[in-house]
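Enquirer: this one's structure only:
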């Protein structure tokens, strides 16, 4: 698995919120970031596909 480094500037308050969530969920920053990205991608996918779905 390849990795790529990127830097993000976030407000201090946002960083504190993320740290609190990570602590409460007993997870790592990598797992948290991946889960948030996957959740957002899933939401976007459902928003795009839903108009084309037909229910029988």
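Expert: Here it is on my side, so go on. Bear in mind that the values here come from a model prediction, so they are computed numbers and not experimental data.
Enquirer: which residues touch residue 21?
Expert: Going by C-beta atoms under 8 Å, 6 or more residues apart in numbering, residue 21 touches residue 32. Every residue, glycine included, has its C-beta placed from N, CA and C.
Enquirer: Mind pulling up the pLDDT for it?
Expert: With respect to pLDDT, residue 21 has a value of 90.
Enquirer: Tell me the gap between whichever strand or helix holds it and the middle of its chain.
Expert: Element membership for residue 21, per DSSP states H and E: helix 12-25. Relative to its chain's centre, helix 12-25 lies at 14 Å (C-alpha atoms, centre = their mean, to the nearest Å).
Enquirer: what about residue 39, neighbour count?
Expert: Using other C-beta atoms under 10 Å, residue 39 is surrounded by 10 other residues.
Enquirer: in which helix or strand would I find it?
Expert: Using DSSP H and E, residue 39 maps to helix 29-49.
Enquirer: so that helix versus helix 12-25, what angle?
Expert: Orientation check (axes from the mean of the first three to the mean of the last three C-alpha atoms, to 10 degrees): helix 29-49 against helix 12-25 gives 100 degrees.
Enquirer: Packing partners of helix 29-49?
Expert: Counting contacts by 3 or more C-beta pairs under 8 Å, 6 or more residues apart in numbering; DSSP states H and E, helix 29-49 packs against helix 12-25.
Enquirer: for the helix it packs on, which positions count as buried?
Expert: Residues of helix 12-25 include none that count as buried (16 or more other C-beta atoms under 10 Å).
Enquirer: Residue 21 versus the most centrally placed residue in the chain, what's the distance?
Expert: What sits nearest the mean C-alpha location of the chain, by C-alpha atoms, centre = their mean, is residue 36, with 1.3 Å. Going from residue 36 to residue 21 by C-beta to C-beta, to the nearest Å gives 9 Å.
Enquirer: Residue 35 too?
Expert: For residue 35, the distance to residue 21 equals 10 Å [C-beta to C-beta].
Enquirer: Mind listing the shared neighbours of those two?
Expert: Overlap of the contact sets of residue 35 and residue 21 (by C-beta under 8 Å, 6+ apart) is empty.
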